[in-house]
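>>> Next comes the sequence, and after it the predicted model I'd like to discuss.
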Amino acid sequence: MDLSHFKSGRLEAQRDYKSFLPEPIHHNWIISDPEIVQLLGQSDRALGELNAFAQLIPDIDFFVKMYVAKEAMQSSRIEGTQTNIEDAFKGAEDLSPEARDDWGEVQNYIQAINYAIEGLERLPLSNRLLRETHAVLLQGVRGTHKMPGEFRKSQNWIGVSLKNAIFVPPHHDHVADLMGDMERFLNNPDIVVPPLIKIAIAHYQFETIHPFLDGNGRLGRLMISLYLASEGLLQKPALYLSDYFEKNKTAYVDHLMAVRQGNHMRQWLIFFLHGVQETARSSISVFKDILALKERIEREVLPRFSTRRQENAQNLVRYLYQQPVVDVKAVTALIGGSANTASSLIADLAKHGILVEITGQHRNRLFAFSDYIHLFAADR
């Protein structure tokens with residue numbers, strides 16, 4: 001089917017409302033639009049550059065953990081949570097009671113991402129993996145009573161009420177068939193569609209089906225990164241589009257609705273491909289800044305430590321790239337020394353500007369690797 005002939009679906013009358021029944025997507029798509037073809041080439045190149053760059057970076061898995069935390073924060077923020085990336089690395093006891101629910105959802109999202117990435121080693125990107133990941137996403141937080149890990153068996157909607165909904169997804173009787181169609185589309189090698197086009201269409205379809213009672217937005221955005229990893233387009237999961245979607249939240253929502261209401265798949269694909277390009281370039285820029293920061297610390301800061309303290313200093317700095325908020329207790333455990341030794345090490349890194357005390361307290365103080373955290377800030 002040529003993209004220009006795309007029809008999104010139809011309204012289906014229910015007892016006292018109308019739901020939207022999307023058309024299946026498991027078929028070939030002919031993409032001949034010159035603008036999309038050009039954008040696709042540019043996006044593929046940007047993704048390839050990111051993939052090549054990421055493979056050259058030592059200890060990249062440490063840095064990827066920060067990308068995972070940022071994705072968790074930004075994707076959850078689209079849904080209304082307010083946790084910042086610094087808070088994501090704190091313990092629950094270090095947060096005010098009113099902040100812990102949002103923090104818990106971000107922590108679950110981090111666990112869900114890690115679970116899903118590891119799951120790709122034993123499963124394809126499938127409905128089974130999505131359901132398992134959904135169960136991790138909702139465990140023990142708001143939404144835990146909304147059938148974690150199971151496709152919905154009742155009608156859901158987007159808006160204040162079913163009667164006044166902005167959008168009503170398909171009736172639950174259709175969910176299993178529609179999700180099966182999407183799964184086949186993603187995994188059928190005979191469907192010759194460029195991978196970025198395929199996942200853009202699948203993301204739209206997933207959000208339109210809204211197969212779960214809660215967590216659809218977060219899981220649908222995570223599915224993009226999982227697909228890129230499963231197809232080998234990225235050797236490391238270092239590209240997440242939630243930051244782009246959050247910065248362009250109104251456009252993101254409007255484009256999805258425009259596909260449903262006016263068949264505007266072309267405009268959605270253009271928006272999506274711009275996001276891939278922008279995010280890939282931004283990720284490369286962050287990696288370059290990380291390397292510059294790392295080189296500066298190794299050249300200007302670590303040589304100031306005595307030979308006797310060098311190993312502890314190097315271990316702590318290395319640890320900070322994956323856990324950039326620490327306290328004396330954590331550092332004591334890391335170096336296997338005394339609390340006094342850990343305190344002295346922290347004090348020296350603070351003196352050199354590597355760590356910054358962030359609580360303003362005399363006890364139970366927390367220290368942040370602020371220059372590093374700033375590289376991942378949403379307003380950077």
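On my side now, so go ahead. Numbering: from 1, shown residues only.

>>> Break the chain down into its domains, please.
Residue ranges of the domains in the chain are recorded as 3-285, 306-374, according to automatic domain parsing.

>>> how long is the first one end to end?
Right, the one you point to is domain 3-285. Across its full length, domain 3-285 reaches 34 Å end to end, with Cα to Cα, to the nearest Å as the criterion.

>>> what do you get for stretch 6-19?
Stretch 6-19 stretches 19 Å from its first residue to its last (Cα to Cα).

>>> What segments of the stretch 1-150 of the chain are strands?
In the stretch 1-150 of the chain, strands defined by DSSP state E, counting those that start in this stretch lie at 9-13, 18-22, listed in chain order.

>>> Ok, which of those strands comes nearest residue 159?
Among the strands of the stretch 1-150 of the chain, strand 18-22 comes nearest to residue 159, with 12.8 Å by Cβ to Cβ. (Glycine included, C-beta is placed from N, CA and C.)

>>> buried sites along the closest one?
Of the residues in strand 18-22, those scored as buried under the neighbour-count criterion (16 or more other Cβ atoms under 10 Å) are 19, 20, 21, 22.

>>> beta partners for the third one?
Per DSSP bridges, residues listed as beta-bridge partners of residue 21: residue 10.

>>> Find the residue closest to residue 369 in space, skipping its chain neighbours.
Spatial nearest neighbour of residue 369, excluding adjacent residues (Cβ to Cβ, 6 or more residues apart in numbering): residue 324 at 3.8 Å.

>>> I should have written residue 51 there, sorry.
With Cβ to Cβ, 6+ apart as the criterion, residue 51 has its nearest non-adjacent residue at 5.3 Å, and that residue is residue 234.

>>> hang on, the one you found packs against residue 50?
Yes. Using Cβ atoms under 8 Å, residue 234 is in contact with residue 50, at 7.1 Å.

>>> ok, so what distance separates residue 163 from residue 48?
When distances are taken as Cβ to Cβ, to the nearest Å, residue 163 and residue 48 turn out to be 49 Å apart.

>>> Neighbour count for those two, which is higher?
With other Cβ atoms under 10 Å as the criterion, residue 163 and residue 48 differ in neighbour count, and residue 48 comes out ahead with 13 against 10.

>>> OK, contacts around that one?
Neighbour list for residue 48: empty [criterion: Cβ atoms under 8 Å, 6 or more residues apart in numbering].

>>> circling back: can you list the domains of the chain in CSV and add distance to residue 297 and mean pLDDT?
Supplementary listing: these in CSV, determined by distance: least, Cβ to Cβ, whole Å; pLDDT from 0 to 100:
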stretch, distance to residue 297, mean pLDDT
domain 3-285, 13, 91
domain 306-374, 6, 94
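
>>> for those domains, which one ends up most surrounded?
When neighbours are counted by mean count of other Cβ atoms under 10 Å, the highest per-stretch mean among the domains of the chain falls to domain 3-285, a mean of 18.

>>> Reformat the domains of the chain as JSON lines; add distance to residue 293.
Below are these laid out as JSON lines (distance: least, Cβ to Cβ, whole Å):
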{"stretch": "domain 3-285", "distance to residue 293": "11"}
{"stretch": "domain 306-374", "distance to residue 293": "6"}
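
>>> who's in contact with residue 129?
Under the contact definition (Cβ under 8 Å, 6+ apart), the residues listed for residue 129 are 116, 119, 120, 123, 226.

>>> ugh, wrong one, residue 272
Contact partners of residue 272, counting by Cβ under 8 Å, 6+ apart, are 196, 200, 203, 241.
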